[in-house]
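K.L.:
no FASTA, just this:
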């Protein structure tokens, strides 16, 4: 009996340190999980060999390094590449390092003749995860914007060359193909008539953004990409060694502006060039347009998506009412503004071909269906003809 008690005490004596160690390791793991303490390096240089200035620069560099690592860590599990890019840019442009890391502490310093090196320890700031979650929610709610692309083009020939038609909208098609591949919704160019294209081009020359966005809204666009006509110009004849033929070389130039149809705000302005070779002048010019258009789309789509997600916005819905007088349409617009809190403002009521229309600015979560239903309640004699994401059409019911 005494021998058994001795064994129990021996086993207990052996277990206590093990349990104590396990609890200690668990506590340490929990503390590490809470703080996410990370160690990063940064360095600064000073040409004037001012030791204090070099040290300050090194500390700033170390903090920025810590911030980059913290951003990388929080985005590690974000599989959506578009959200990843938007979040990285938003954080770097809007959050100071002290919003991304906490408790930065210099742990070591090293000084050479011209350079100071600093190693620092920083703690991860959990607010970063909240920022990414906010951007994810906005992206899921807003989705990708619907884009309308209008790009005319022309081929500039030397005086001794005969003029040639473009044979299509190669620059516009190239831009649209890249945007569609990246997940953007694009207004079908077949639904945009020649008069609309001419109106947009005339408005571009005048700098009339209001007209540009009005025409884009009528086609249900959130953002319009347009600009002066793209140009392809003959450069020279070159020897195409691959096929042992000589052929022309053309350079295409595209300048575009992307405008938010809700705010008429310029989101991005960009220029791009492309070079094309071909057996004929037309084929070479088309290839130049295609390369310039593809490169252009790649440059602007990130900016468009970023501003679309990040900017605080209301939504603009185009309202069309058929079969009512101008004064009645004005009354309806005013009633919407006075009676509904989710209505921010309405634009000028215009009449075109017997149809009254006006832009209605509403809170971002308001649907077009809600707008249509509210108008029917205000004016009982109207029926809904069409509802899309950004457009409602109502008509006076036959008596």
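P.N.:
Done, it's in. Because the structure is a prediction, the values reported are computed rather than measured.
K.L.:
strands of the stretch 201-350 of the chain, start to end?
P.N.:
For the stretch 201-350 of the chain, the strands defined by DSSP state E, counting those that start in this stretch occupy 223-226, 230-240, 245-260, 266-277, 315-322, 343-346, 350-352.
K.L.:
ditto for the stretch 1-150 of the chain
P.N.:
Using DSSP E, counting those that start in this stretch, the strands of the stretch 1-150 of the chain run over 37-45, 101-111, 115-124, 146-150.
K.L.:
quick check: which of those is buried the most?
P.N.:
Burial of the strands of the stretch 1-150 of the chain is given as mean neighbour count (mean count of other CB atoms under 10 Å); strand 146-150 ranks first at a mean of 25. Every residue, glycine included, has its C-beta placed from N, CA and C.
K.L.:
just how off-centre is stretch 211-220 within its chain?
P.N.:
20 Å (CA atoms, centre = their mean, to the nearest Å).
K.L.:
identify the residues contacting the residue at minimal distance from the centre of the chain.
P.N.:
The centroid of the chain falls nearest to residue 305 when counting by CA atoms, centre = their mean (1.3 Å). Taking CB atoms under 8 Å, 6 or more residues apart in numbering, we find residue 305 in contact with 82, 85-86, 144-145.
K.L.:
in helices, which of the residues you listed appear?
P.N.:
82, 85-86 (DSSP state H).
K.L.:
of those residues, which is the most crowded?
P.N.:
Within these, residue 86 tops the neighbour count with 24 neighbours, counted by other CB atoms under 10 Å.
K.L.:
now do the contacts for it.
P.N.:
So residue 86 contacts 135, 139, 305-306, 309-310 (CB under 8 Å, 6+ apart).
K.L.:
just these: which are in helices?
P.N.:
Using DSSP H, 135, 139, 305-306, 309-310 are the members of the contacts of residue 86 that sit in helices.
K.L.:
mind putting those in CSV, distance to residue 63 included?
P.N.:
As requested, the ones in helices among the contacts of residue 86 are exported to CSV (distance: CB to CB, whole Å):
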residue, distance to residue 63
135, 23
139, 29
305, 29
306, 24
309, 27
310, 24
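K.L.:
residue 53: which of the ones in helices among the contacts of residue 305 is nearest?
P.N.:
Closest approach to residue 53 among the ones in helices among the contacts of residue 305 (CB to CB): residue 85, at 34.6 Å.
K.L.:
and the pLDDT at that closest one?
P.N.:
For residue 85, the model assigns a pLDDT of 85.
K.L.:
do you know how far it is from residue 145?
P.N.:
Distance of residue 85 to residue 145, computed by CB to CB, to the nearest Å: 15 Å.
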